[in-house]
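Enquirer: let's see this in three dimensions:
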Amino acid sequence: IVGYTGDAEALPVLVEGMRRLEYRGYDSAGVAVMSEEGIATMRRAGELDVLVQALGEDPPAGRVGIGHTRWATHGAPTHDNAHPHVDCDKRIAVVHNGIIENHDELRSRLLTEGHSFRSDTDTEVVAHLLESILAKRSCSPTDALLEAVGLLRGSYALVCVTREDPGTVIVARQDPPLILGVGDGFGLVGSDIPALLPHTREVIPLENEQVAEVFPGGVRVFSF
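Expert: Sure thing, here's the model as predicted:
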């Protein structure tokens, strides 16, 4: 997992971080970048170079984004199952390490509400769950994530971007590692320190049962 928000183009930072973390997963890769038009995603099955080649043809521009290299647990290593995953209206994008143990139960509930799924992954339920909470409540994406983690069972490092709060990356941790980094005018997220070291030595390991907002130059951390 890699995430960035700041005053530079997000895509080069994401790709560099993903290269440094490719040892953590290499059956598919993808990015989501926030632009003025919305969230642009690019995903490819295969190693990171397959994604990089596709990005060279049509690189998404924006200063906020998330990226992921995957080792499949739920769903085959295909284009549709690659992260990031989005909600029905493509206003939320999510990447995830770990396993959502009650994803079948959550998927059934969300299907009943009218949500449409595009993948076989456990991760996609998180995007639709956040969408469902935001539709029912007048709350911030951070508050929606705090509510969502109360419904999730399993282990997860979650990193999300939303059109409702386009300058902020929101994250949650239950077991798999997440490292936050800050610098002058930017914020970073990574699933391991090597993704952050080219940019900052100011790092904060997120603790279990914590949610955080990462924004340019700082972070805010909340307990579940």
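
Enquirer: what's the helix or strand for D120?
Expert: Under the criterion DSSP states H and E, no helix or strand holds D120.

Enquirer: partners of the strand or helix carrying G187 in the sheet?
Expert: Using DSSP H and E, G187 sits within strand 186-190. When pairing is defined by DSSP bridges, strand 186-190 lines up against strand 2-6 (antiparallel), strand 179-183 (antiparallel).

Enquirer: next, format these as CSV and append distance to E36, mean neighbour count and mean pLDDT.
Expert: Heads up, the C-betas are built off the backbone N, CA and C, glycines and all. CSV is the format used below for the strands paired with strand 186-190 (distance: least, CB to CB, whole Å; neighbours: other CB atoms under 10 Å; pLDDT from 0 to 100):
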stretch, distance to E36, mean neighbour count, mean pLDDT
strand 2-6, 15, 28, 98
strand 179-183, 24, 21, 97
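
Enquirer: between those strands, which one is closest to L129.
Expert: Among these, strand 2-6 comes nearest to L129, with 19.2 Å by CB to CB.

Enquirer: run the chain-centre distance for the closest one.
Expert: On the basis of CA atoms, centre = their mean, to the nearest Å, strand 2-6 sits 10 Å off its chain's mean C-alpha point.

Enquirer: how is the residue lying closest to L111 once chain neighbours are set aside assigned, secondary-structure-wise?
Expert: Spatial nearest neighbour of L111, excluding adjacent residues (CB to CB, 6 or more residues apart in numbering): F117 at 7.3 Å. Look at F117: counting by DSSP: H, G, I helix; E, B strand; the rest coil, its state is coil.

Enquirer: biggest helix in the protein, by residue count?
Expert: In the chain, taking DSSP state H as the definition, the longest helix is helix 124-136.

Enquirer: next up, the contacts around L130.
Expert: Counting by CB atoms under 8 Å, 6 or more residues apart in numbering, L130 touches D87, I92, V94, P141, A144, L145, A148, C160, T162.

Enquirer: determine which two of those are furthest apart.
Expert: It's D87 and L145 that sit farthest apart of these, by CB to CB, at 13.0 Å.

Enquirer: ok, how many other residues are close to G98?
Expert: 18 (other CB atoms under 10 Å).
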